[in-house]
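S.K.: This is a predicted model, with the sequence first.
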Amino acid sequence: MSAVLGPRAAAMRLTSASLRPSTARLSLRLPLPLTPRRYKSGPYGYTQAKALVFSHYGEPSDVLHLHQHSISPSLPPGAVLVRTLAAPVNPSDVNTVQGTYAAKPTFTTLLGTPAPSAVPGNEGCFEVVALGPGVAETGTLARGDWVIPSTTGFGTFRTHALVDNATKSLLRVCDAASRAGLTPAQVATVSVNPCSAYRMLRDYVDLIAQSVAAFAARPDTTGGGAWFLQNGANSGVGRAAIQLGALWGLRSINVIRERDTPAATAALRDELLALGATVVVTEAEFLNREFAASTLKSLTRDGRDPIMLGLNCVGGKSAAGVVRCLAPKGTMVTYGGMSRQSFPFPTGPQIFKRLRFEGFWLSEWSKENPAEKRRTIEEILGLIKLGKFKEAPVEEVRWEWDTEEKVLKEAVQGTLQGFRSGKGLFVFGET
Ligand SMILES: NC(=O)c1ccc[n+]([C@@H]2O[C@H](COP(=O)([O-])OP(=O)(O)OC[C@H]3O[C@@H](n4cnc5c(N)ncnc54)[C@H](OP(=O)(O)O)[C@@H]3O)[C@@H](O)[C@H]2O)c1
């Protein structure tokens, strides 16, 4: 990009136009201290970029294509050029490609695809590499900043993006000087799962006030704070809820799926306990009648420490189990349906336990509460920097300039397969 290359490098860029991509890349690589910088330039300063695109709905392995395009060095007023450092593949990204997600992408020909297309991916960490006219003057974005999309639907499975209305479309996380303690993977995964867990623990039931009241009533006990119960506890959201809950003095009952072997299940249980979970049970244990009849009674001191909040990631029988465990006037917040099964809203408990059923959708919450979203993200990033919050494990998929389309498509397709050691995370190298 001419904006960041000196005259010599610009000349190299022009002569590199006819070279194979890998040769051009070698001749243009420049060292920088914090993150390796990449220059993939075509003639006249056009940035060469690649994006996974789809033009119709279907399974990712069938409908995604790797599309190469060029981005002009003359940026429009208010726009910035960013390069992607990391982008996770969340379940909703797959559902978006399948056409089953509530938010539908806009299909356009802006990237020069033969048919109108969209780029999947909602989360990512980007570095600002060039500013269009008027952006520097706002003082909100500068070259070298790490940024994340301010809303969902950004399209993050791409090496670069030209971002219009940049000061609104992007949230600045840090500048080049204040990145210490943060990695691209942490920044790329902060805005959806941790933010959802945070809001669901805080916005439906005041568990902290409940804890304070309980301590005031019996200051002599060391029982712990208010309970919440969640299924899908090993998900990114579940792990975030465990950690935030523990930081806020809450106790959690966490339901996980059994692994292939008892040893693997025990290892997962230990991992979640180490994160701050109070109790971890398998789905089989949770759905066994003995759990509600005995274990739950003892954990809640026969209902005197009631479970007022249940978080439902799974649906089906597991959700019905959460309903069974809620105390009168308790609330269940549904935010995912990983089992793809719905669950009955049982009439008796609704009436006689006066239960409340809520749905949480971060996309809409973020539109309604932009300032609070920014504050929530900043708080979580602060916890990460202090070493008090750990990002969920990921399976890194390196995205280099020469990475084959098949590898990238499979990384997206694999997201819903379950029993993974972590969710897929594109980590961008030489692109
Ligand atoms: N509503 C919102 O605003 C919002 C925000 C964030 C996430 N979500 C939703 O929350 C869910 C989790 O997202 P994530 O990114 O945290 O997921 P993730 O980290 O990719 O983890 C997926 C989780 O789903 C579990 N799972 C997969 N198939 C399952 C099945 N058939 N039955 C029971 N559990 C199953 C997995 O269990 P194992 O660990 O046993 O493999 C894993 O714990 C998704 O449905 C996502 O769309 C919603």
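M.R.: Nice, thanks for sending it over. Numbers count the residues shown, from 1 in each chain.
S.K.: how many neighbours does the residue in the stretch 301-431 of the chain positioned nearest to the ligand have?
M.R.: Nearest to the ligand, among the residues of the stretch 301-431 of the chain, is Gly336, at 2.8 Å (CB to the nearest ligand atom). From N, CA and C alone the C-beta is placed, and that goes for glycine too. If you count neighbours by other CB atoms under 10 Å, Gly336 ends up with 19.
S.K.: swap in the one 4 residues further on?
M.R.: Per other CB under 10 Å, the neighbour tally for Arg340 reads 10.
S.K.: hmm, back to that, pop out the phi and psi values for the residue of the stretch 301-431 of the chain closest to the ligand.
M.R.: Phi and psi for Gly336, reported as degrees, to the nearest 10, are phi -150, psi 160.
S.K.: Could you report the pLDDT at it?
M.R.: With respect to pLDDT, Gly336 scores 97.
S.K.: do the same with Glu283
M.R.: 97.
S.K.: likewise Gln417?
M.R.: Confidence score, pLDDT, at Gln417: 74.
S.K.: ok, now Pro21?
M.R.: 36.
S.K.: tell me the contacts of Thr431?
M.R.: By CB atoms under 8 Å, 6 or more residues apart in numbering, the contact list for Thr431 reads Arg38, Lys40, Ala49, Lys50, Arg83, Thr84, Thr159, His160, Trp399, Glu400, Trp401.
S.K.: now Trp365
M.R.: With contact set as CB under 8 Å, 6+ apart, Trp365 has these partners: Arg199, Lys373.
S.K.: Wait, a helix at it?
M.R.: Yes. Applying DSSP: H, G, I helix; E, B strand; the rest coil, one finds Trp365 inside a helix.
S.K.: Quick one: the contacts of Thr431 as CSV, columns for pLDDT and secondary structure too.
M.R.: Formatted as CSV, these follow (pLDDT from 0 to 100; DSSP: H, G, I helix; E, B strand; the rest coil):
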residue, pLDDT, secondary structure
Arg38, 51, coil
Lys40, 60, coil
Ala49, 97, strand
Lys50, 98, strand
Arg83, 97, strand
Thr84, 98, strand
Thr159, 98, coil
His160, 98, strand
Trp399, 98, strand
Glu400, 96, coil
Trp401, 95, coil
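S.K.: Tell me which helix or strand in the protein has the weakest average pLDDT.
M.R.: The weakest-scoring helix or strand in the chain, judged by mean pLDDT, DSSP states H and E, is helix 7-15 (a mean of 32).
S.K.: before we move on, back to that, okay, the residue nearest to the residue of the stretch 301-431 of the chain closest to the ligand when sequence neighbours are not counted and Leu425: tell me how far apart.
M.R.: In this structure, Gly336 finds its nearest non-sequential neighbour in Cys313, 3.9 Å apart by CB to CB, 6 or more residues apart in numbering. Between Cys313 and Leu425 the computed distance is 20 Å (CB to CB, to the nearest Å).
S.K.: sorry, back to before: run through the residues that contact the residue of the stretch 301-431 of the chain closest to the ligand.
M.R.: Pro91, Gly232, Ser235, Val237, Asn312, Cys313, Val314, Gly315.
S.K.: Please look at the second one and Gly238 and confirm they touch.
M.R.: Yes. Counting by CB atoms under 8 Å, Gly232 sits close enough to Gly238 to count as a contact (5.1 Å).
S.K.: which residues do the two both contact?
M.R.: Common neighbours of Gly232 and Gly238 (criterion: CB under 8 Å, 6+ apart): Leu311, Cys313.
S.K.: Could you list the residues of the stretch 151-300 of the chain in contact with the ligand?
M.R.: For the stretch 151-300 of the chain, the contact set with the ligand under CB under 6 Å from any ligand atom comprises Val192, Asn193, Ser196, Gly232, Asn234, Ser235, Gly236, Val237, Arg257.
S.K.: can you list those in CSV and add distance to Asp175?
M.R.: Below are these laid out as CSV (distance: CB to CB, whole Å):
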residue, distance to Asp175
Val192, 23
Asn193, 25
Ser196, 27
Gly232, 36
Asn234, 35
Ser235, 32
Gly236, 27
Val237, 29
Arg257, 42
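S.K.: Restricted to helices, list those.
M.R.: Asn193, Ser196, Gly236, Val237 (DSSP state H).
S.K.: Pull the contacting residues for the second one.
M.R.: This points to Ser196. Contacts for Ser196 (CB under 8 Å, 6+ apart) come out as Val237, Ala240, Tyr335, Phe360, Leu362.
S.K.: which residue sits closest to the third one, ignoring its sequence neighbours?
M.R.: Across the structure, with CB to CB, 6+ apart as the measure, the residue nearest Tyr335 apart from its sequence neighbours is Phe360 (4.4 Å).
S.K.: I am finished for the moment; much appreciated.
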